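Asker: Structure here, sequence nowhere to be found:
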Ligand code: NAD
């Protein structure tokens with residue numbers, strides 16, 4: 001497989017000026033996949049300068065929305081053609097089973113780009129006929145303009161999909177961008193860079209600078225020529241980015257963590273629900289912001305659900321990301337592996353019971369067995385903090401009022417799942433739970449036409465849908481007096 005491991009600036013792939021490199025590790029066997037070039041101040045400055053020039057250039061600045069849409073559709077075509085390579089790169093660097101990015105993330109990336117190709121020529125303004133202005137007729141034209149150069153900071157858990165969630169609206173709007181992939185998972189995103197050039201998107205419109213968060217991320221947040229920062233990652237780093245952006249009043253979108261509730265109602269069809277509940281916490285090794293990690297189960301069926309969830313966990317086959325039999329991979333890094341095991345230990349010390357899992361799998365690679373914790377209370381650490389691993393915390397409740405109160409008693413508000421056969425219970429819970437997205441009797445990736453995002457520790461602002469366009473554009477008012 002051809003691996004791109006250099007920095008993309010102004011249409012060229014380059015090494016770092018100071019020769020800095022870092023290894024990308026395969027989490028499944030701890031081997032080094034490749035060494036990537038690591039950007040620093042020189043690369044950030046060059047990338048921002050290229051993006052700034054491209055923003056006002058004839059080639060991009062004057063390109064019609066219609067033509068920007070064609071670029072996005074060509075990029076989607078190229079991703080479709082290269083789907084296997086992209087999914088392989090993502091599986092390799094994250095350690096997740098190949099079938100997941102191939103069947104979920106890459107199709108979501110393609111759908112997102114096609115959705116925004118459709119929006120690109122429909123970013124319209126409006127005309128507001130005013131009352132007289134001191135005796136003179138006035139008409140205001142409200143137009144929507146691209147915001148300028150945007151910094152895109154990515155997490156490692158779903159890089160292809162999340163990169164396209166941000167590139168789609170940014171490019172449709174006419175912005176130019178500097179992308180910083182996470183150090184753990186830069187390869188699929190760098191490959192996208194190649195396809196972006198092949199799609200005829202002019203040099204400098206998309207620049208990709210892998211780099212250490214505290215260096216490149218900070219430089220981007222404080223660079224005076226970056227007008228907007230779109231960050232997906234942890235609340236801790238999100239808060240830091242917000243603080244850095246504040247003195248410069250940069251536009252900001254923060255897509256942060258989650259601690260999603262899944263409420264299993266007393267009337268739920270367990271045969272249908274349990275595989276879905278398990279998928280919502282064990283897919284991508286639980287390294288998903290929307291993971292349904294707090295599972296509220298009606299006390300009448302607690303024992304049964306613990307048993308069935310343990311069986312679901314035990315049915316996962318951990319192994320190499322490219323083995324067809326593998327249904328769960330390794331955690332992305334040693335740090336993540338240590339952190340998840342630490343959380344499980346804390347859970348037990350606070351009174352939770354391990355129904356299954358709770359330990360390392362094998363002796364090489366960052367595998368943690370899918371874990372079911374029973375007897376959890378909502379005030380335990382494992383129910384309060386985002387673990388970002390394959391750990392399901394089961395919490396019993398007696399009444400729906402109690403379930404709603406417990407579901408909402410959290411610092412996060414990103415996503416939630418409800419499992420019930422009753423139509424009015426479904427509506428009641430969906431309305432009462434405070435989350436950006438609520439799924440009833442299912443789960444999955446967001447439709448790119450609908451907004452995604454949460455509140456509080458889950459972030460600020462939305463991406464996807466028309467909200468995505470709004471987040472990369474600004475309104476201007478032109479007043480005409482006659
Ligand atoms: P992270 O916050 O550690 O890193 C995210 C990005 O920020 C990386 O590119 C990293 O290099 C960079 N970074 C790290 N330190 C930085 C600093 N001091 N200054 C600037 N940039 C810095 O998050 P992660 O571990 O990559 O991802 C996991 C987190 O992302 C979880 O909390 C998860 O819920 C969240 N997430 C949210 C969504 C969403 O849509 N809401 C989607 C995926 C992941």
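Answerer: The structure has been received and is ready for your questions. What you are looking at is a predicted structure, and each value in this text was computed from that prediction instead of being measured. Numbers count the residues shown, from 1 in each chain.
Asker: For residue 348, list the residues it contacts.
Answerer: 354, 358, 373 (Cβ atoms under 8 Å, 6 or more residues apart in numbering). No exception for glycine: its C-beta is placed from N, CA and C like everyone else's.
Asker: out of the residues you listed, which one sits closest to the ligand?
Answerer: Looking at the contacts of residue 348 and their distance to the ligand, the nearest is residue 373, at 19.2 Å (Cβ to the nearest ligand atom).
Asker: Find the residue closest to the closest one in space, skipping its chain neighbours.
Answerer: residue 352 (4.2 Å; Cβ to Cβ, 6 or more residues apart in numbering).
Asker: distance of the one you found from residue 392?
Answerer: From residue 352 across to residue 392, the span is 11 Å (Cβ to Cβ, to the nearest Å).
Asker: tell me the SS of residue 143?
Answerer: Secondary structure, DSSP: H, G, I helix; E, B strand; the rest coil: residue 143 is strand.
Asker: Okay, strands next: where are they in the stretch 351-482 of the chain?
Answerer: According to DSSP state E, counting those that start in this stretch, the stretch 351-482 of the chain carries its strands in the segments 353-356, 371-374, 391-397, 412-413, 415-419, 437-440, 455-456, 459-460, 473-481.
Asker: In CSV: these, plus mean neighbour count, mean pLDDT and distance to residue 405.
Answerer: Formatted as CSV, the strands of the stretch 351-482 of the chain follow (neighbours: other Cβ atoms under 10 Å; pLDDT from 0 to 100; distance: least, Cβ to Cβ, whole Å):
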stretch, mean neighbour count, mean pLDDT, distance to residue 405
strand 353-356, 18, 98, 24
strand 371-374, 28, 98, 21
strand 391-397, 26, 98, 9
strand 412-413, 24, 98, 14
strand 415-419, 29, 98, 13
strand 437-440, 19, 98, 16
strand 455-456, 15, 96, 16
strand 459-460, 22, 98, 23
strand 473-481, 13, 95, 39
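Asker: Out of these, which gets nearest to residue 242?
Answerer: Across the strands of the stretch 351-482 of the chain, residue 242 has its closest neighbour in strand 459-460 (7.6 Å, Cβ to Cβ).
Asker: in this structure, which segments are predicted with low confidence?
Answerer: For the chain, not a single residue meets the criterion pLDDT under 70.
Asker: The ligand contacts on that one?
Answerer: By Cβ under 6 Å from any ligand atom, the residues of the chain that approach the ligand are 153-158, 162, 180, 182-183, 213-214, 217-218, 232-234, 237, 240-241, 255-258, 289, 386, 388, 414, 459.
Asker: Looking at strand pairing, list the partners for the spatially closest residue to residue 407 that is not a sequence neighbour.
Answerer: Of all residues not flanking residue 407 in the chain, residue 261 sits nearest, at 3.7 Å (Cβ to Cβ, 6+ apart). Assessed by DSSP bridges, residue 261 has beta-bridge partners residue 294.
Asker: and residue 261, how far is that from residue 360?
Answerer: In terms of Cβ to Cβ, residue 261 sits 28 Å off from residue 360.
Asker: more crowded one of these two?
Answerer: Between residue 261 and residue 360, residue 261 has the larger neighbour count (other Cβ atoms under 10 Å), namely 30 against 14.
Asker: my read: the more buried one touches residue 297, true?
Answerer: No: taking Cβ atoms under 8 Å as the definition, residue 261 is not a contact partner of residue 297, at 11.1 Å.
Asker: can you list contacts of the helix or strand residue 152 falls within?
Answerer: Using DSSP states H and E, residue 152 sits in strand 149-153. The contact list for strand 149-153 (Cβ under 8 Å, 6+ apart) reads 48, 51-52, 55, 163, 166-167, 170, 175-180, 213, 217, 220-221, 223, 225-233, 241, 472.
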